[in-house]
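In: prediction below, plus the sequence it came from.
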Amino acid sequence: MNLTRKIIIYMIIGAVIGTVLNLSNLTAIEFVDVYIINGLFYIIGQLFILSLKMMVVPLVFVSLFCGTTALREPAMLGSLGGRTLAFYLFTTATAITIALTIAITFGVGGGAEIPTDVNYVAAEGRTFTEVILSILDNPVQAMADGNMLAIIIFAILLGFSAGKAGDAGQKVISFFKDFNEVIMKLVMVIMEFAPIAVLAILAKVFAELGFDAVLALGGYFFTVLIVLFVHALLVYPILLKVLSGLSPFIFFSKMRSTLSFAFGTSSSNATIPVTYKTVTERLGVQNSVASFSVPFGATINMDGTSIMQGVATVFIANAYGLDLTGGQLVTVVLMATMASIGTAGVPSAGLVMLQGVLLQVGLPIEGIGIILGVDRLLDMTRTAVNVTGDATITCIVAKSIGKFDEDIYNDPNAGEEMLE
């Protein structure tokens with residue numbers, strides 16, 4: 001049985017275990033809650049996610065360095081970076097516009113009963129100015145803090161300099177190419193434990209979530225899900241077909257393992273190694289493009305998160321009986337699009353971003369406490385959408401600049417060894 005099937009099967013088993021624990025009310029037993037749900041399940045899931053996050057910084061830095069050295073010319077680097085950024089921002093703006101349109105059309109949140117015991121502590125977010133200034137930082141400090149934008153900029157500058165440094169630069173390039181192979185091998189070793197980890201994560205989520213939370217926020221929950229599916233299964237395939245001529249069916253068939261993994265971990269950053277391997281070995285994108293586009297997308301491309309913010313903004317406004325003006329809706333689109341650049345690719349980071357959007361349009365941030373109950377499950381789904389966007393744009397950009405192997409894309413057996 002290959003890794004994809006194992007992950008899917010273990011996901012189902014985890015969801016069943018969690019649902020049984022919840023419906024049977026076993027979660028009320030202290031031993032089950034402390035030692036199984038928040039003990040065994042939590043530890044297994046967190047150890048796996050932490051092991052992948054351990055690999056994110058060296059993987060992003062080394063792969064971006066190698067990708068930049070392969071481009072050599074500033075014009076090619078500028079073309080790749082400009083196209084990638086433009087596509088990511090476009091899809092994010094499209095996502096939140098669709099979300100706002102559907103949420104307003106269906107009046108999500110209208111007539112909702114506001115709980116009186118909402119207890120939400122606002123997390124400290126960063127201003128847009130702080131996000132921009134953070135792209136240049138001490139590289140060692142940036143790696144320690146996980147400041148992905150600063151890491152990306154430093155890796156690109158260092159890679160470009162190495163390509164211009166003659167023999168000395170070639171020695172450094174050769175070292176990092178070998179180092180990149182070692183890192184990717186370690187990632188695949190860690191991936192062997194993915195099925196068990198996903199089972200534990202899903203079991204904990206479903207044990208704690210319960211159907212009562214979903215029913216209470218059904219309008220919000222299902223509106224977000226509908227928009228997520230519309231964006232993933234309609235917008236992305238149309239863009240892929242129109243802009244590259246590639247088959248969306250082949251794309252999704254080869255993305256199954258990556259999407260199930262993203263769903264299980266709820267982290268775009270933790271999924272970077274899997275996304276990178278999939279787009280290069282299964283979809284035919286050359287390393288020089290994937291090593292730039294994939295980590296860049298995990299940092300700034302947050303379509304799924306933007307969808308949640310759009311629906312949540314309308315839901316909270318309607319729930320509190322407040323009307324959003326046209327100017328406020330435009331502000332939401334702009335804020336969510338630009339703020340996505342500074343959102344960390346970690347679980348529930350979008351809630352911090354939502355806080356800034358609500359403050360900007362004058363809505364009470366306490367409303368976030370209302371939707372917290374179902375956010376974990378939605379977070380898993382929107383992470384899968386974010387990763388789908390990363391891979392879609394990577395394929396489109398690679399095809400547009402001639403860094404794409406269509407034979408690999410059309411070969412159903414290409415890269416299957418990564419799934420074994």
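Out: Received the coordinates, thanks.
In: how far away is residue 278 from residue 92?
Out: 21 Å (Cβ to Cβ, to the nearest Å). All C-beta spots, glycine's among them, are computed from the backbone N, C-alpha and C.
In: do the same with residue 178
Out: 36 Å.
In: ok, these two, which is more surrounded?
Out: A side-by-side neighbour count of residue 178 and residue 92, using other Cβ atoms under 10 Å, places residue 92 first with 27 against 11.
In: so the more buried one touches residue 304, yeah?
Out: No: the criterion here is Cβ atoms under 8 Å, and residue 92 misses it with residue 304 at 9.7 Å.
In: where does this protein dip in pLDDT?
Out: When residues are selected by pLDDT under 70, those of the chain lie in 1-4, 70-77, 111-131, 209-216, 338-353, 373, 417-420.
In: hmm, try it at 50
Out: 116-123, 345-347 (pLDDT under 50).
In: from residue 103, how far out is the spatially most central residue of it?
Out: Most central in the chain under Cα atoms, centre = their mean is residue 268, positioned 3.2 Å from the mean C-alpha point. For residue 268, the distance to residue 103 equals 23 Å [Cβ to Cβ].
In: what ranges do the strands span in this structure?
Out: Applying DSSP state E to the chain gives no strands.
In: ok, now how distant is the most far-flung residue of it relative to its centre from residue 203?
Out: Most distant from the centre of the chain: residue 167, at 38.6 Å, with distances by Cα atoms, centre = their mean. Applying Cβ to Cβ, the value for residue 167 to residue 203 is 55 Å.
In: next: residue 58.
Out: Counting by Cβ to Cβ, the gap from residue 58 to residue 203 is 30 Å.
In: again with residue 379
Out: Per Cβ to Cβ, residue 379 is found 16 Å from residue 203.
In: these two: which has the busier surroundings?
Out: Neighbour count, other Cβ under 10 Å: between residue 379 and residue 203, residue 203 has more, with 28 against 22.
In: pretty sure the more buried one is touching residue 20, no?
Out: No: assessed by Cβ under 8 Å, residue 203 is found out of contact with residue 20, at 9.3 Å.
In: show me what contacts the closest residue in space to residue 282 that isn't next to it in sequence?
Out: Leaving aside its sequence neighbours, residue 282 sits nearest to residue 415 (Cβ to Cβ, 6 or more residues apart in numbering; 3.8 Å). Residues in contact with residue 415, defined by Cβ atoms under 8 Å, 6 or more residues apart in numbering, are 254, 277, 278, 280, 281, 282, 408.
In: of those residues, closest to residue 230?
Out: Lowest distance from residue 230 to the contacts of residue 415 (Cβ to Cβ) belongs to residue 254, with 21.7 Å.
In: helices along the stretch 51-200 of the chain, start to end?
Out: Assigned by DSSP state H, counting those that start in this stretch, the helices in the stretch 51-200 of the chain fall at 74-106, 128-133, 139-145, 148-163, 166-191, 194-216.
In: just send those back as CSV, with distance to residue 62 too.
Out: Below are the helices of the stretch 51-200 of the chain laid out as CSV (distance: least, Cβ to Cβ, whole Å):
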stretch, distance to residue 62
helix 74-106, 17
helix 128-133, 24
helix 139-145, 12
helix 148-163, 8
helix 166-191, 5
helix 194-216, 22
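In: quick one: closest of those to residue 52.
Out: Nearest to residue 52 among these is helix 166-191; the distance by Cβ to Cβ comes to 6.3 Å.
In: can you list the buried residues in that closest one?
Out: 169, 172, 173, 176, 180, 183, 184, 186, 187, 191 (16 or more other Cβ atoms under 10 Å).
In: mind listing what the fifth one touches?
Out: Put plainly, it is residue 180. Neighbouring residues of residue 180 by Cβ under 8 Å, 6+ apart: 62, 63, 66.
In: how about the third one?
Out: With contacts defined as Cβ under 8 Å, 6+ apart, the neighbours of residue 173 are 66, 69, 162, 163.
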